[in-house]
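A.B. asks: what would the 3D arrangement of this be:
(2 chains)
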Amino acid sequence: MEQGIATQTTSRAKHGSDDPVTKWAWIAAYALLFVFGLSMIFPFAWTVGTSLKLSGEIFTYPPSLYPTHPRPANYVDLFNTVPFLLWFRNSVVVTGAATLGAVLSSTLVGYAFARLRYPGRDFFFGLCLATMMLPGIVTLIPSFVLFRYLGWIDTFFPLIVPSWFGTPFFIFLARQHFRTIPREYDEAARVDGASSWRIWWSLMLPMSTALIGAIVIYSFIWNWNDFLAPLIYLNSVTNETLALGLRGLQNFYNTRWDLIMGGAVLMTLPMILVFFAAQQFFIEGMSTLSGLAGR
Amino acid sequence: MSIGLSSDVQSGKPAGRVRRRSALARAEMRDGYLMMAPWLFGFIVLLVGPMVASLVLSFTDWQMLLPPKWIGLQNYVTMFTQDDLIPTSLVNTAFYAFVSTPLYAFFGLLLGLLMNLDLKGVRVLRTMYFLPSITPVVAATLLWVLIFQPDFGLANFLVQGLGLPKQLWLLDPNESKPVLIFMYLWGVGGSMPIFLAGLKGIPKEMYEAAVIDGADRWSSLRYVTLPLLSPVLFFVVITGFIGGFQVFTSAFIATAGGPSNSTMFFVLYLYNSAFQFFKMGYASAMAWLLFVVVLAFTLIQFAVARRLVYYEESRD
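C.D. replies: Sure, this is the predicted structure:
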């Protein structure tokens, strides 16, 4: 009994590193987490492996676990078969323009919601929050009609312009973030004669690296991965984004799994690079969210 | 504010000061509306307008070539009484949403709790679990289609290694939905940032107080962590359901709704109605049906959550 209590205390203090049983439990749990984690990233290895296999090797059963004669020239085939670089460029243009718009508009609106005093502000903010809960699909058809009326079919505008009007989730993030900045900063700037616009641009934005980082990466991921909007609005091959082009590969070259997987690798690579470049923003950007959906 | 007032009194020129103050307040008000304007414009032109338009269109027959023709409730009558694909796709979608969301929330929570532990190499682990969630859906779906390919895919190789018979996976109406749910759950690490942020937001003193009260790990989890994390969990569940009801891309690419319509989800059918068969009026009615279903379900969840979710007293 005394033994038990003593063990319990040590285990709480040091994760049980002194007690052999708890220690082994920890090691087992850790190994399990690691093995399971490996199986989470194994599909990436499988994609890369398949993209390097000879066409015939892909269809063997049992499957060969790695390319026996790696053929990097599959990637050359990919570029010769489809306008891959063009798709890549299109994705970069759409994603870049949409992300720029998302940062500017969402921080601007978020700043107004967080700081400026005007009648109806909290009502509008509540409305904005509520729209986060709407299934976006309900506006699909009229939006298509609207953009068609504007002559925007087969252009990038339907994919970019909506981001310039603020995204409720980002507006919410921005508002919560700005509210953590002490009001004394604004008031000092106002005493010096700065306008609200000036305060937003020269004071708030420079103090909001984590916020902007979070908006940039999430907007980047969403736009880069978006499939439905490009599917509906783009129809010529040269205007396609990567998501659409990759799906086209599946349609027209459905036996060339080496090409399809090569395309998947090249489409995923920028995401992984962004992740490693901006890791800290994923969690930091969310840190204002802990009381979420309550207010 | 009070300092400003007293200095007004002292300076003996209250009228001028007050006018300047109110000029500033007016400028602030004007800037407030102007800065909010992008969102408000988008709200009206890209949300409210289209929603109303969609409701109006739902009472018409419109194939895009001729002007819309008013047919009253006909689309709704067809939807509820004649079109078998409506109940089929609703049931498929409900199955997907009701199975995938609780699993996603459960594994997400588990992962968040584990990745919040003070383990050596936890950053490497976090990366491993997170990366699948940022893989483009199109790329991920194509990859899983290859792995679940019945003739030469890796999945059957593993299944046979366990001594089980080969499966048809996406080609079997009984397995197609679970496989799509499995694909979705591969990205469960996507909920990690929000869970970790929520866990970081729980004050350490709460745990210390719990330990003083004699709580062990489990009761700390049960009585401190989970209640304080419930808003985050609720957010993950509710957005999970809203997303789950709108599942489209994975089914569009992996199965196109087959086999035997077992993965014909509601939005997929809506897309086909609108952009394959150009039944814009009918598709609009479908969109409104989904909207009402999702809205009702969301409201029910909020009502339930009122009793289950713990919110701190608002600090502002």
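
A.B. asks: for the chain, which residues score under the pLDDT cut-off?
C.D. replies: No chain specified, so I'll use chain A. For chain A, the stretches with pLDDT under 70 are A:1-19, A:287-295.

A.B. asks: can you look at chain B instead?
C.D. replies: B:1-21, B:312-316.

A.B. asks: so which residue of it comes closest to chain A?
C.D. replies: Going by Cβ to the nearest Cβ, chain A is nearest to B:Gly42 of chain B, at 2.7 Å. Quick note: C-beta positions are derived from backbone N, CA and C, even for glycine.

A.B. asks: hey, where'd the strands end up in chain B?
C.D. replies: B:60-61, B:69-70 (DSSP state E).

A.B. asks: out of the ones you listed, deepest packed?
C.D. replies: Among the strands of chain B, strand B:60-61 has the highest mean neighbour count (mean count of other Cβ atoms under 10 Å in any protein chain shown), at a mean of 18.

A.B. asks: that one near chain A at all?
C.D. replies: No. Strand B:60-61 stays clear of chain A (Cβ under 8 Å from any Cβ of the partner chain), getting no nearer than 11.4 Å.

A.B. asks: closest to the centroid, which residue in the chain?
C.D. replies: Assuming you mean chain A. Centroid-nearest residue in chain A, with Cα atoms, centre = their mean: A:Ile221, separated by 2.8 Å.

A.B. asks: let me rephrase: I mean chain B.
C.D. replies: B:Thr239 (2.9 Å).

A.B. asks: those residues of the stretch 51-200 of chain B touching chain A, which are they?
C.D. replies: B:51, B:53-54, B:57, B:114, B:118-119, B:125, B:127-132, B:134-140, B:142-144, B:146-147, B:151-154, B:156-157, B:186, B:189, B:193-194, B:196-198, B:200.

A.B. asks: need the buried ones from the residues you listed selected in PyMOL.
C.D. replies: In PyMOL, this line selects whichever of these come out buried by 16 or more other Cβ atoms under 10 Å in any protein chain shown:
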select buried, chain B and resi 51+53+54+57+114+119+125+127+128+129+130+131+132+134+135+136+137+138+139+140+142+143+144+146+147+152+153+154+156+186+189+193+194+196+197+198
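
A.B. asks: what about residue 167, neighbour count?
C.D. replies: Picked chain A for this. By other Cβ atoms under 10 Å in any protein chain shown, 27 other residues sit near A:Thr167.

A.B. asks: could you do chain B instead?
C.D. replies: Quick note: B:Gln167 (other Cβ under 10 Å) scores 18 neighbours.

A.B. asks: check the offset of stretch A:146-154 from the chain's centre.
C.D. replies: A distance of 27 Å separates the centroid of the chain from that of stretch A:146-154, by Cα atoms, centre = their mean, to the nearest Å.

A.B. asks: could I get it in PDB with only the CA atoms?
C.D. replies: Extracted C-alpha coordinates of stretch A:146-154, given in PDB (Å, rounded to 0.1, in the frame of the first residue of the first chain):
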ATOM      1  CA  LEU A 146     -23.900  35.600 -61.600                       C
ATOM      2  CA  PHE A 147     -20.400  34.900 -62.800                       C
ATOM      3  CA  ARG A 148     -21.600  33.700 -66.100                       C
ATOM      4  CA  TYR A 149     -23.600  36.900 -66.500                       C
ATOM      5  CA  LEU A 150     -20.400  38.900 -65.800                       C
ATOM      6  CA  GLY A 151     -18.600  36.900 -68.500                       C
ATOM      7  CA  TRP A 152     -16.200  35.400 -66.000                       C
ATOM      8  CA  ILE A 153     -16.600  31.700 -67.000                       C
ATOM      9  CA  ASP A 154     -13.200  30.200 -67.900                       C
END
